[in-house]
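[1] Pasted the sequence and its predicted model underneath.
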Amino acid sequence: MTEGKREKKYKKLRTAADLERLMTRHYTIGKFVGRFKPVAWVTSGAPVEILRAMDIFPIYPENYGALCGARLAAVPLAQVAEAQGYSPDLCSYARSNLGSVFDAKNAPLGGLPRPHLLICCNNICSTVVKWYEALAAHYNIPLFVLDTPFLHDGLADHTVHYVLAQFREMVAFLEHHTRRTLHLRKLSETIELANRAIVLWGEIRALCKAKPSPLNAPDLFVNMAPIVVLRGTKEAVGFYKKLKAEVEERVECGISALPEERYRLLWDNIAIWHHLFRFYRYFVDYGACFVVDTYTGAWSTQIQWNEPLESLARAYTTVFLNQSLEYRTELTIRLLNEYEVDGFVMHCNRSCKPYSLGQYAIKAELTARTGLPGFILESDMCDYRAHADEPTRTRIQTFMEALTTRVGRG
Ligand code: SF4
């Protein structure tokens, strides 16, 4: 697809240039910052506010995995890891990151900067534990694993106490290995910045309730990077203020993300990073806009003010992937109703088992309770070897034609 065609299907945001500058700056600083301060590789669900408050530079291998996926570099890197014995069934973020560690010269950006320590939280999955153990063994550096019990039935006090005790251990671990001290005033300031960005990001997502929606899922996927990677910084707050102003302007002027919005859909699971724009264009061709998704909302949980460490313990234990199917079902039904969608698409992501297991049960429940049609599409977020384009297009075509008949806006 040429750039010209892409422009017609996707209205580029003015803030795209700001985003690019912000992320380039982050990765460029990361190249050199290790000479001046400690660098920690962290999982996407790690309580990064603590690290930021201690002036420890966080790097997110999962964000790098998405970048590798978007640049079609994830498969060659995954093959490097597979040649070392890592199973092709493992998460493609893990395989591409490990491949970039083993073969940095052939990796985007020349690989990630070498870490001094590793912080892994299993609130998103168990894969990260083994992945980070492999990194710790490779680099021979300290690893802290934060264990957040899966919430089958809400958050109990004893779970909060259990996690809070580990947060204190994590602070002691960081102070010991970096010879830095965590100051509660600095932590509170960082949480305040994180919350401001979280609120702005939530407001931007909520603006997509407008008809037509000012953003489509690829816009949200691309713009979520700072809420993950730059959480707790002034830069993230500044960026989301500017993005929100632009999205508000689109709503006020009735500017749609699509040339014409005919159908409103919900997306479940991680983006198809490989061929991101090409893949979602198959829906755009039918005038179908993904006005909401369950993925980019995963970083929208506000951190309540009380005691800072306890607030963080509560927020990071209750993340989306650490909760029951019932919780995920209720949340998705709420989104289907609030965003007034016509149907939903669930990405059964070969890489991400915790996100994908249970989708058939959730789908049946969503349709039974809302009457909305949906379908499950099998692919992988980064490993395009697990994506069959023609059968996928045929399934999309069948779904969209059925939706057209049902809703009657063809
Ligand atoms: S398995 Fe899923 S949650 Fe775990 S690292 Fe991979 S994509 Fe993230």
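    On my side now, so go ahead. The model shown is predicted, which means the values in this text are computed figures rather than measured ones.
[2] buried sites along stretch 311-331?
    Judged by neighbour count using 16 or more other CB atoms under 10 Å, the buried positions of stretch 311-331 are 311-323, 327-329. C-beta here means a position set from N, CA and C on the backbone, and glycine is covered the same way.
[3] Near the ligand, list only the ones from those.
    Restricting these to those near the ligand by CB under 6 Å from any ligand atom leaves Leu321.
[4] And the buried residues of stretch 311-331, which is closest to the ligand?
    Here the nearest of the buried residues of stretch 311-331 to the ligand, counting by CB to the nearest ligand atom, is Leu321; it sits at 6.0 Å.
[5] How many neighbouring residues does the nearest residue to the closest one once chain neighbours are set aside have?
    Nearest residue to Leu321 in three dimensions, chain neighbours excluded: Ile124, at 4.8 Å (CB to CB, 6 or more residues apart in numbering). Ile124 is flanked by 22 other residues according to other CB atoms under 10 Å.
[6] ok but Ile124 is inside a strand, no?
    No - counting by DSSP: H, G, I helix; E, B strand; the rest coil, Ile124 is located in no strand; its state is coil.
[7] Distance check, it against Arg393.
    30 Å (CB to CB, to the nearest Å).
[8] The stretch 51-200 of the chain: strands as residue ranges?
    57-59, 117-121, 143-146 (DSSP state E, counting those that start in this stretch).
[9] Those strands: which one's closest to the ligand?
    Per CB to the nearest ligand atom, nearest to the ligand of the strands of the stretch 51-200 of the chain: strand 117-121, 10.1 Å.
[10] Listing partners with orientation, what would you give for that closest one?
    Strands that pair with strand 117-121, judged by DSSP bridges, come out as strand 39-42 (parallel), strand 143-146 (parallel).
[11] In TSV, list the strands of the stretch 51-200 of the chain along with mean neighbour count.
    As requested, those are exported to TSV (neighbours: other CB atoms under 10 Å):
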stretch	mean neighbour count
strand 57-59	21
strand 117-121	24
strand 143-146	20
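[12] which stretch among the ones you listed comes nearest Ala368?
    Of all the strands of the stretch 51-200 of the chain, strand 117-121 sits nearest to Ala368, with 34.1 Å by CB to CB.
[13] What's the mean pLDDT across that closest one?
    Across strand 117-121, pLDDT averages out at 98.
[14] Output the set of residues of the protein in proximity to the ligand.
    The chain has residues 62, 91, 93, 124-125, 127-128, 270, 321, 351-352, 354-355 near the ligand, with proximity defined as CB under 6 Å from any ligand atom.
[15] What is the nearest of the residues you listed to Lys363?
    Closest to Lys363, out of all of the residues of the chain next to the ligand and judged by CB to CB, is Tyr355, at 13.4 Å.
[16] tally of neighbours for the closest one?
    Neighbour count for Tyr355, taken as other CB under 10 Å: 24.
[17] now do Leu182
    18.
[18] do Arg205 as well
    A count of nearby residues for Arg205, using other CB under 10 Å, gives 22.
[19] Show me what the helix or strand hosting it packs onto, helices and strands only.
    Here Arg205, judged by DSSP states H and E, is contained in helix 184-206. When contacts are defined as 3 or more CB pairs under 8 Å, 6 or more residues apart in numbering; DSSP states H and E, helix 184-206 packs onto helix 48-53, helix 225-229, helix 234-252, helix 308-317.
[20] one more time with 7 Å
    Packing contacts for helix 184-206, counted by 3 or more CB pairs under 7 Å, 6 or more residues apart in numbering; DSSP states H and E, involve helix 48-53, helix 234-252, helix 308-317.
[21] Pick the most deeply packed of these.
    A comparison of the helices and strands packed on helix 184-206 by mean neighbour count, using mean count of other CB atoms under 10 Å, puts helix 48-53 on top with a mean of 25.
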